[in-house]
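1. Structure for this input, please:
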Amino acid sequence: MDISTLANLVNAIAVTAGVIFAATQIRDYRRQRRRESMLSLVRSFQSPTFAQALRRVVELPSDTSGKQIQEILGPSGEDMIAHLTGTWESIGVLVFHNELTLDVVDDFFSGPIVLSWKKLRPYVEHLRQQYARDTWSEWFQWLAERMMERESKLPVVPAYIAHRPDTKSFKRWLAKGG
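-> Below you'll find the predicted structure:
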């Protein structure tokens with residue numbers, strides 16, 4: 001083997017190693033970014049304001065008009081709900097732009113998002129009319145609708161059942177109608 005061939009071989013190996021290294025770095029960066037997004041998501045759920053707002057929403061009577069919800073909440077309650085819906089909005093935008101996966105959001109928040117939308121839809125629609133802004137809570141609605149679509153196609157299986165080491169438990173649960 002002459003020196004020119006050897007130099008070309010070394011060069012090819014170096015370029016290949018560089019490409020593999022770059023691909024590995026990109027993959028690691030994406031994992032790190034996804035992990036950071038998930039941690040940020042968890043942190044948003046851990047604030048006292050968020051927890052209080054979610055509790056206020058869960059306690060709202062069903063089939064209540066937007067105006068009635070506004071009266072029930074009062075100004076301080078509306079501030080809390082703005083925090084909650086703002087969080088759902090942010091998550092919706094992050095999912096839409098592929099910064100978070102719908103699977104991860106589903107694991108963390110599917111129940112609270114769907115319940116929040118069902119309870120707050122009349123309120124959001126009332127605010128849209130009041131402020132003449134159809135974009136009010138648009139990403140919250142979009143996210144809730146994606147969650148409801150998923151739930152209409154796949155059974156909602158609690159994690160403690162779906163991820164049991166014994167898969168027979170999951171199959172029995174499904175056989176009973178979920």
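
2. Helix or strand: which one has E99?
-> For E99, there is no enclosing helix or strand under DSSP states H and E.

3. My read is that A159 contacts D107, right?
-> Yes. Judged on Cβ atoms under 8 Å, A159 makes contact with D107 at a distance of 7.3 Å. Every C-beta, even on glycine, is put in place using the N, C-alpha and C of the backbone.

4. Break this protein down into its domains, please.
-> 1-46, 47-175 (automatic domain parsing).

5. about what we covered before: mind checking which of A159 and D107 has more residues around it?
-> Comparing A159 with D107 by neighbour count (other Cβ atoms under 10 Å), the higher total belongs to D107, at 12 against 8.

6. wait, what's in contact with that one?
-> If you count contacts by Cβ atoms under 8 Å, 6 or more residues apart in numbering, D107 has them with A159.

7. and whichever strand or helix holds T87, how far from the chain's centre?
-> Assigned by DSSP H and E, T87 falls within helix 66-96. Helix 66-96 has its C-alpha centroid displaced from the chain centroid by 16 Å (Cα atoms, centre = their mean, to the nearest Å).

8. Please read off the pLDDT at the residue nearest the centre of the chain from the model.
-> Nearest residue to the geometric centre of the chain (Cα atoms, centre = their mean): V105, 2.7 Å. Looking at V105, its pLDDT reads 89.

9. my guess is it contacts W142, does it?
-> No. Counting by Cβ under 8 Å, V105 stays clear of W142, with 11.9 Å between them.

10. Can you list the low-confidence ranges for this structure?
-> 41-42, 44-45, 167-178 (pLDDT under 70).

11. what about the longest helix in it?
-> helix 3-45 (DSSP state H).

12. Report all helices and strands that the helix or strand just after it contacts.
-> Following helix 3-45 in sequence order, the next helix or strand is helix 48-59 (DSSP H and E). Counting contacts by 3 or more Cβ pairs under 8 Å, 6 or more residues apart in numbering; DSSP states H and E, helix 48-59 packs against helix 66-96, helix 102-131.

13. Now distance to S37 too, for those helices, in CSV please.
-> Converted to CSV, the helices and strands packed on helix 48-59 look like this (distance: least, Cβ to Cβ, whole Å):
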stretch, distance to S37
helix 66-96, 7
helix 102-131, 8
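
14. Tell me which of those helices lies nearest to A12.
-> Nearest to A12, of all those, is helix 102-131, at 39.7 Å by Cβ to Cβ.

15. Show me which residues of the very next helix or strand once past that closest one are buried.
-> Using DSSP H and E, the helix or strand that follows helix 102-131 in sequence is helix 138-153. Neighbour counts over helix 138-153 (16 or more other Cβ atoms under 10 Å) mark 139-144, 146-147 as buried.
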